[in-house]
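Trainee: Predicted coordinates and the sequence they were generated for:
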Amino acid sequence: MRDREEQSSKEARRVEKRAAEEAQLLAKEQVRKKANLDREEAIEKASKASKTKRVGKRAAEEAQLLAKEQLRKKANLDREEAIEKASKASKTRRVEKRAAEEAQRKTG
């Protein structure tokens, strides 16, 4: 009977030891999962920050390109208007010169 009590006592200690080990493993697993979750959240947060920065940079670049394009179009329009004005002035001078020559021929 004493052997049975000893065996029962040893078995109880083994069960307790195993339970303690399992509890410890469970705690380690929970710590590992928490660390993984924290790491994933940090990565996601950094990714969102990078994306926000990229979007902001892209918007600024697009605004800058739009402003450049508008300036280029305005410069082209101004150049075309100056050419047209110069062309009209030249044509007017030719017409006036021709009219003066015609008038001189008729009078002269």
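Mentor: Noted; the coordinates are in hand.
Trainee: alpha carbons only for contacts and neighbour counts from here, please
Mentor: Fine.
Trainee: mind listing the helices for the chain?
Mentor: 2-107 (DSSP state H).
Trainee: pLDDT weak spots in the chain?
Mentor: Along the chain, the parts satisfying pLDDT under 70 run over 1, 108.
Trainee: ok, 80 please
Mentor: Across the chain, the ranges flagged by pLDDT under 80 are 1-6, 108.
Trainee: Tell me how many other residues surround E101.
Mentor: E101: 13 surrounding residues under other C-alpha atoms under 10 Å.
Trainee: should've said Q64
Mentor: With other C-alpha under 10 Å as criterion, Q64 counts 12.
Trainee: Distance check, it against L71.
Mentor: From Q64 over to L71 the distance is 11 Å, taken as C-alpha to C-alpha, to the nearest Å.
Trainee: Report the separation between A42 and E29.
Mentor: A42 is 20 Å from E29, by C-alpha to C-alpha.
Trainee: got it, and K45?
Mentor: 24 Å.
Trainee: Pull the contacting residues for A99.
Mentor: By C-alpha atoms under 8 Å, 6 or more residues apart in numbering, the contact list for A99 is empty.
Trainee: Make 7 the first number, not 1, from now on.
Mentor: Yes, from this point I'll number from 7; that puts the last item at A105.
Trainee: and the gap between it and R111?
Mentor: Counting by C-alpha to C-alpha, the gap from A105 to R111 is 10 Å.
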